[in-house]
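Enquirer: Pasting the sequence and the predicted model now:
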Amino acid sequence: MKQVNARSNTLLVVLALATMLGCQGLSSSKSSSQQGPGTGSGQLTATPTNISLGSVQVGTNQTQPVTVSNSGGSSVTITKATASGSGFSVSGPSLPVTLTAGQSKSFNVTYTPKAPGQSSGNVAIVSNAANSTLNVALSGTGVAAGALSAKPSNLDFGSVLVGNKQTVSETLTNSGGSSVTVTAATATGSGFSLSGLSLPLTLNAGQSKSFSVTYAPKSASNSSGNLSITSSDSDNPLNIPLVGDGVTPGALTANPTSLDFGSVQVGNNKTLLDTLTNTGGSNVTISQASASGTGFSISGLDTPLNLAPGQQFTFSVIFTPPSAGGFSGNVSVISDASNPNLGIPLTGTGTAAGQLAVSPVNQNFGNVTVGSNEPLQGKLTASGATVIVSSVKVSNPEFAVSGLTFPVTIPAGQHVTFTVTFTPQAAGAASGNASFVSNASNSPAVESLSGTGVNPQPHSVDLSWTASNSPNISSYNVYRGTVSGGPYTKIGSVQGSTTAYTDNNVTNGQTYYYVTTAVSNGEESGYSNQAQAVIP
């Protein structure tokens, strides 16, 4: 109650202050209206009424005049001229200055941007004219200084055959906010030259110019040089590193030089990759590529195929054994390289297909309580050859297979175990199957699954206790809690001659804690010792 009164007193003080301030404001307003100008008072106008300083490079400035005129009928005294807004300033005649009727004065507005971006501001001319504050809106845009960049920032001509030449495009871009003038461009280094760049060249903000740089090696050796661009950019000159290799004619190599497919099951196939590389200094054109030998083929190598110096090409070689036994063959690559006939030896062995057996074939879980689960083990056995099991598909979500990480490799004559778990969701018979997918000839191997879901049996807790020694016991009260030591809640009572009670309202999976009290002559005793019951 005291806190409420304190807040009320504070509110009254604030209201009192507000009333005082309101009175002062009204008085000031009334005084202002009494001092308004009469007919023929001075009136200031500005030409122009708003000023745009345009785009100005950061670090420089732009100035524009504004003329203030007295268009009224009496003299006006200007007492203040101030500029607001980032980068704006105003200068002009010393103040105060008096303008007679029809007289004008000029002020200079200067914009000196500190950072790129648009700016806005205002010049306020304060006087005793009818319009006591004359505002002139200001705007301008700060732009960054010109910045010359090259793309790419360096030129690597790669391998060029001696006696030939390689030409690439280079682009100069003015990524700054003002123009840049390129006055000179010079290429140094053996074999390097440039063309297509007429100087001097002026690039406006955002403008680009492309030209050509050529490398014509005179000998088989590494070359390096530099392209120097001289301009009005502060970061001057701009240097573009140049590198190139003078090389000899092309040569074709294979990696790996031979392919061994190992053992492949009959009816299956195996794919290996091989890479052709032009290790010489000139282009190589592959005109023909083919595989010989039973069961061997190639894919992904279409001819004619042109490989530049240092360029690689990867293709596939496939082995599909038609029968058990060893096989050999060759990939033949014909080109105009210095080694025109390139051969890649091939070997592989066909093996008989394996068999996969699952046991037991029929898995019966019997009766399982709804909401619980029952696991049973199964076994997968390989015969004839190694079997790779890639996955298992279970047709009924009440059954689940675990204990296997796919793919599972089972050598011939060996086995792996797994677990099938039945988790019935409702009462009644359930069935399904687990299909094990593999590379065996009898894939998939199927295990049949069955079981019956049964509803859980209801539970109750039977309680009994020793009769109290106290006389005149009229009844016993039974209490129950879910935490050892309480709190407890009364769930029932029995007559004094009865020392047993059945709790039929229990939840499966819950643990309960029970105590009793004795009632004699209307008074209830303390709690008995605690008894615990765990519901299945």
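Expert: Received, thanks.
Enquirer: Give the burial count for the closest residue in space to residue 122 that isn't next to it in sequence, as a bare number.
Expert: In space, and not counting its chain neighbours, residue 122 is closest to residue 84: 5.1 Å by CB to CB, 6 or more residues apart in numbering. Quick note: C-beta positions are derived from backbone N, CA and C, even for glycine. Other residues near residue 84 number 13, with proximity taken as other CB atoms under 10 Å.
Enquirer: Might one say that residue 309 is in contact with residue 157?
Expert: No - using CB atoms under 8 Å, residue 309 is not in contact with residue 157, being 10.4 Å away.
Enquirer: sorry, back to before: ramachandran angles for the residue nearest to residue 122?
Expert: phi -120, psi 160 (degrees, to the nearest 10).
Enquirer: Pull the contacting residues for it.
Expert: 121-124 (CB atoms under 8 Å, 6 or more residues apart in numbering).
Enquirer: Contact partners for residue 313?
Expert: 275-276, 301, 305, 307 are the contacts of residue 313 under CB under 8 Å, 6+ apart.
Enquirer: and the gap between it and residue 305?
Expert: 6 Å (CB to CB, to the nearest Å).
Enquirer: again, but for residue 64
Expert: 67 Å.
Enquirer: Grab the nearest non-local neighbour of residue 47.
Expert: Nearest non-adjacent residue to residue 47 (CB to CB, 6+ apart): residue 67, at 4.7 Å.
Enquirer: Spell out the secondary structure type for the one you found.
Expert: strand (DSSP: H, G, I helix; E, B strand; the rest coil).
Enquirer: pretty sure it contacts residue 104?
Expert: Yes - the criterion here is CB under 8 Å, and residue 67 meets it with residue 104 at 5.2 Å.
Enquirer: quick revisit: okay, the contacts of residue 313 in JSON lines with pLDDT, secondary structure and distance to residue 200 next?
Expert: Converted to JSON lines, the contacts of residue 313 look like this (pLDDT from 0 to 100; DSSP: H, G, I helix; E, B strand; the rest coil; distance: CB to CB, whole Å):
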{"residue": "275", "pLDDT": "97", "secondary structure": "strand", "distance to residue 200": "50"}
{"residue": "276", "pLDDT": "96", "secondary structure": "strand", "distance to residue 200": "49"}
{"residue": "301", "pLDDT": "94", "secondary structure": "coil", "distance to residue 200": "53"}
{"residue": "305", "pLDDT": "96", "secondary structure": "strand", "distance to residue 200": "47"}
{"residue": "307", "pLDDT": "95", "secondary structure": "strand", "distance to residue 200": "43"}
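Enquirer: filter these to the buried ones?
Expert: 276, 301, 305, 307 (16 or more other CB atoms under 10 Å).
Enquirer: check contacts around the first one.
Expert: This points to residue 276. 252-254, 286, 307, 312-315, 333, 342.
Enquirer: Would you state the strands of the stretch 1-150 of the chain in chain order?
Expert: 44-47, 50-57, 62-70, 76-84, 88-91, 97-99, 104-111, 117-127, 133-143, 148-151 (DSSP state E, counting those that start in this stretch).
Enquirer: Now do the fourth one and strand 133-143, the angle between them.
Expert: Per axes from the mean of the first three to the mean of the last three CA atoms, to 10 degrees, the angle that strand 76-84 makes with strand 133-143 is 30 degrees.
Enquirer: List the buried residues of strand 76-84.
Expert: 76, 78, 81, 83.
Enquirer: hang on, the earlier thing: buried members of the contacts of residue 84 into ChimeraX, please.
Expert: Of the contacts of residue 84, the buried ones go into a single ChimeraX selection, burial set by 16+ other CB under 10 Å:
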select :121,122,123
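Enquirer: List just the nearest of the contacts of residue 84 to residue 462.
Expert: residue 121 (91.7 Å; CB to CB).
Enquirer: neighbours around the residue nearest to the closest one when sequence neighbours are not counted, how many?
Expert: Nearest residue to residue 121, sequence neighbours excluded (CB to CB, 6+ apart): residue 85, at 1.8 Å. Counted with other CB under 10 Å, residues neighbouring residue 85 total 16.
Enquirer: shaky segments in the protein?
Expert: 1-40, 234 (pLDDT under 70).
Enquirer: the helices in it, which residues?
Expert: Counting by DSSP state H, the segments of the chain that form helices are 2-34.
Enquirer: Spit out the contact partners of residue 388.
Expert: If you count contacts by CB under 8 Å, 6+ apart, then residue 388 has 407-410, 438-439 around it.
Enquirer: and with 7 Å instead?
Expert: Applying CB atoms under 7 Å, 6 or more residues apart in numbering to residue 388 gives the contacts 407, 409, 438-439.
Enquirer: May I have the beta-bridge partners of it?
Expert: Legend: beta-bridge partners of residue 388 under DSSP bridges are residue 409.
Enquirer: next one: residue 173
Expert: Those that pair with residue 173 in a beta bridge, by DSSP bridges, are residue 149, residue 208.
Enquirer: likewise residue 351?
Expert: residue 265.
Enquirer: give me every residue that touches it.
Expert: 263-266, 324, 385.
Enquirer: cutoff 6 Å now
Expert: With contact taken as CB atoms under 6 Å, 6 or more residues apart in numbering, residue 351 is in contact with 263, 265, 324, 385.
Enquirer: Could I get those in a markdown table, plus columns for neighbour count and distance to residue 507?
Expert: Shown next, in a markdown table, are the contacts of residue 351 (neighbours: other CB atoms under 10 Å; distance: CB to CB, whole Å):
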| residue | neighbour count | distance to residue 507 |
| --- | --- | --- |
| 263 | 14 | 60 |
| 265 | 22 | 57 |
| 324 | 14 | 65 |
| 385 | 19 | 55 |
